[in-house]
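K.L.:
my questions are about this predicted structure, shown below with the sequence.
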Amino acid sequence: MLEQIFTLGFLSAFLSATVRLAVPLIYGGLGETISEKSGILNIGIEGVMLSGAFFSFAGAWYTGSLLLGLLFGMLGGVMVSALHALLCIKLAKDQSVSGLALNMLMLGVTSFLFKLMSQGQSYQQLKTFPTIKIPLLSQIPLLGEAFFNRDVLTYSVYLLLLLTMIFYKKTNLGLSFAAVGENPHAAESAGIPVHKYQWISMLCNGILGGVGGAYLVLSQLGVFTENMISGRGYIALATVILGRYTPFGMFGAALLFGAANALQIRLQTSGVSISPYLLALLPYVVTLIAMLLAIGKNSEPESLGKPYIKGSR
């Protein structure tokens, strides 16, 4: 039975699905990596991605443009992250409570606004971003189809991962942003504007999280459904921890979770005699196991989750 399932065709489709399902996690995880390296924990990344998904759909639907829909998705994500930044940076509120509250808020807000949009209207599926096959690279066995026959948002995240790694490893500005998350008091003493850098990091968090949600609408499904993020934001948080707060570590963790999700979908469609309810648990079981294995490997920024108040110690 397993030999019939794990054929070359299965593996090719499986890897392609892995990348497709990992992309929103990578966007959300990259945005969360940037915010956490500046000391701001945003558990509300679920709400950021949900806002990006809804406003990208609304923008694309009313304007007829996928690019404008993507812009609206970014703005939707920024709106939520800016609210989190206001609460946690300006007002120095508890970051975990703020993030959870924003998740619940955006679930209600997007559901309400979608119902308003839906009154008396019948929505058709939006056209999605087309795939672009890269010559030569797309011909690599197995990996070529999975990584190099994708849409523009997937290729963009490859570039963003590389640029983010270079920014933190090779530039003085990147080191300054990282210093804010490690020791904001020392950073302020060195002339680094801590709150300004944290605000910038949160805006990046909103943009990338918004694109992560928009990807589901504009590149995958072409429609919006209530609570369509369905825990992806929390898994994006887990990718950051498992990736040891590095862009490419997070990328590897996102691929792991994407593979777990792709596997359970492929097994269901292949007719494996396992309850679909048990298979649906697979991505979350993998998340829990991976988090348990990460115990004792703490590499989080020293001041993560701790509000910074000027002049205090």
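P.N.:
Cool, the structure landed. Numbers count the residues shown, from 1 in each chain.
K.L.:
if you count neighbours, what's buried in the top helix by length along the chain?
P.N.:
Across the chain, the helix with the greatest residue count (assigned by DSSP state H) is helix 8-37. Of all the residues in helix 8-37, those buried under the rule 16 or more other C-beta atoms under 10 Å are 12-37. C-betas here are computed from N, CA, C, even on glycine.
K.L.:
least trustworthy helix or strand in the protein by mean pLDDT?
P.N.:
Lowest by mean pLDDT, DSSP states H and E among the helices and strands of the chain is helix 2-5, with a mean of 50.
K.L.:
how about Gly28, nearest residue that isn't a chain neighbour?
P.N.:
Excluding its sequence neighbours, the residue lying closest to Gly28 (C-beta to C-beta, 6 or more residues apart in numbering) is Ala236, at 3.3 Å.
K.L.:
spit out the contact partners of that neighbour.
P.N.:
Pro24, Leu25, Gly28, Gly29, Glu32, Ile45, Met49, Gly209, Gly212, Ala254 (C-beta atoms under 8 Å, 6 or more residues apart in numbering).
K.L.:
correct me if wrong: the third one contacts Tyr234.
P.N.:
No. Using C-beta atoms under 8 Å as the test, Gly28 is too far from Tyr234 to be in contact (9.6 Å).
K.L.:
can you list the weak-confidence ranges in this structure?
P.N.:
Scanning the chain with the threshold set as pLDDT under 70 gives 1-9, 120-123, 269-277, 279, 291, 294-298, 311-313.
K.L.:
can we see that at 90?
P.N.:
Applying pLDDT under 90 to the chain picks out residues 1-15, 115-125, 136-146, 230-231, 241-244, 256-257, 259-303, 305-313.
K.L.:
would you map the strands across the stretch 1-150 of the chain?
P.N.:
Taking DSSP state E, counting those that start in this stretch as the test, the strands found in the stretch 1-150 of the chain are 132-133, 149-150.
K.L.:
each with direction, which strands does the first one pair with?
P.N.:
Read that as strand 132-133. If you go by DSSP bridges, strand 132-133 pairs up with strand 149-150 (antiparallel).
K.L.:
what's downstream of the partner strand, the next helix or strand?
P.N.:
With elements assigned by DSSP states H and E, the helix or strand that comes after strand 149-150 is helix 152-170.
K.L.:
show me what counts as buried in that next one.
P.N.:
Of the residues in helix 152-170, those buried (16+ other C-beta under 10 Å) are Val152, Leu153, Thr154, Val157, Leu160, Leu161, Thr164, Met165, Phe167, Tyr168.
K.L.:
reformat those residues as CSV; add distance to Met106.
P.N.:
Below are these laid out as CSV (distance: C-beta to C-beta, whole Å):
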residue, distance to Met106
Val152, 26
Leu153, 21
Thr154, 25
Val157, 22
Leu160, 24
Leu161, 26
Thr164, 25
Met165, 30
Phe167, 29
Tyr168, 29
